[in-house]
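Visitor: A predicted structure for the sequence below; I have some questions about it.
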Amino acid sequence: MYFFTSDEHYGHANIIKYCDRPFNSVEEMDTEIIKRHNSVVSSGDTTIHAGDFTLINDRVKVYNVYVNRLNGTHIFLKGSHDKWLHSQSCKIWEKTIEGRFIVVCHYSMRVWHRSHYNSWQLYGHSHGKLAPEGQQWDIGVDNNNFYPLSFDEICVIMQDRPDNFNFINKFTNR
């Protein structure tokens, strides 16, 4: 199973104030986000983290304090604050899952690869403050009750989303 999340901001005390997160301390926030992750993600699952995992720059510390406590395997995309990732780290992840082409990036895009075929774009960065357009969804923790979303949950969300504005419907002459 694939899961998608973004903007955990582990170890970032100021994010509690900036985003009005319901936590009294960074320790409480980190513990709760890890708990919620592990309550839905199992050891055989893969989680795509779409940036801003942490502001901590020490890669070994990031793994010891956070990554090693999270269930599953992880793919990290570079966001605004991910200095712990190598400069050559991916910024966009694309994959077809169960026939659905998905583009994941830290940032929301107006158009993306295969958007004209109604592909999905999952993004973060906006902390639930930027409305999605068409087949998009903000996968940031602030927008999803501090849980990662499974592929199945994304499928349900996208059922009620409108087509992408540039969708080439095979039943029209566009």
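Guide: Yep, that arrived.
Visitor: which elements pack onto the least confident helix or strand in the chain by mean pLDDT?
Guide: When the helices and strands of the chain are scored by mean pLDDT, DSSP states H and E, helix 59-65 comes last with a mean of 95. Helices and strands touching helix 59-65, by 3 or more C-beta pairs under 8 Å, 6 or more residues apart in numbering; DSSP states H and E: there are none. For every residue, glycine as well, the C-beta is placed using N, CA and C.
Visitor: any buried residues in it, and which?
Guide: 62, 65 (16 or more other C-beta atoms under 10 Å).
Visitor: contacts only, for residue 149.
Guide: By C-beta atoms under 8 Å, 6 or more residues apart in numbering, the contact list for residue 149 reads 3-5, 137, 139, 157.
Visitor: picking that back up, mind listing what's buried in whichever helix or strand comes after the least confident helix or strand of the chain?
Guide: Where DSSP states H and E defines the elements, the next helix or strand beyond helix 59-65 is strand 73-76. For strand 73-76, a neighbour-count test (16+ other C-beta under 10 Å) marks 74, 76 as buried.
Visitor: ok, which stretches of the chain are helices?
Guide: Assigned by DSSP state H, the helices in the chain fall at 14-18, 26-40, 59-65, 151-159.
Visitor: is it possible to get CSV of these that adds distance to residue 145?
Guide: Supplementary listing: those in CSV, determined by distance: least, C-beta to C-beta, whole Å:
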stretch, distance to residue 145
helix 14-18, 16
helix 26-40, 8
helix 59-65, 23
helix 151-159, 11
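Visitor: for residue 98, find the nearest of these.
Guide: Proximity to residue 98 (C-beta to C-beta) singles out helix 151-159 among the helices of the chain, at 7.3 Å.
Visitor: show me where pLDDT drops low in the chain?
Guide: By pLDDT under 70, the low-scoring segments of the chain are 88, 170-174.
Visitor: strands of that one, start to end?
Guide: 2-5, 46-49, 73-76, 92-97, 100-105, 120-123, 136-138, 149-150 (DSSP state E).
Visitor: and the second one, how far out from the chain middle?
Guide: For strand 46-49, the distance from its own C-alpha centre to the chain's C-alpha centre is 8 Å (C-alpha atoms, centre = their mean, to the nearest Å).
Visitor: each with direction, which strands does that strand pair with?
Guide: strand 2-5 (parallel), strand 73-76 (parallel) (DSSP bridges).
Visitor: swap in the shortest one?
Guide: Counting by DSSP bridges, the strands paired with strand 149-150 are strand 2-5 (antiparallel).
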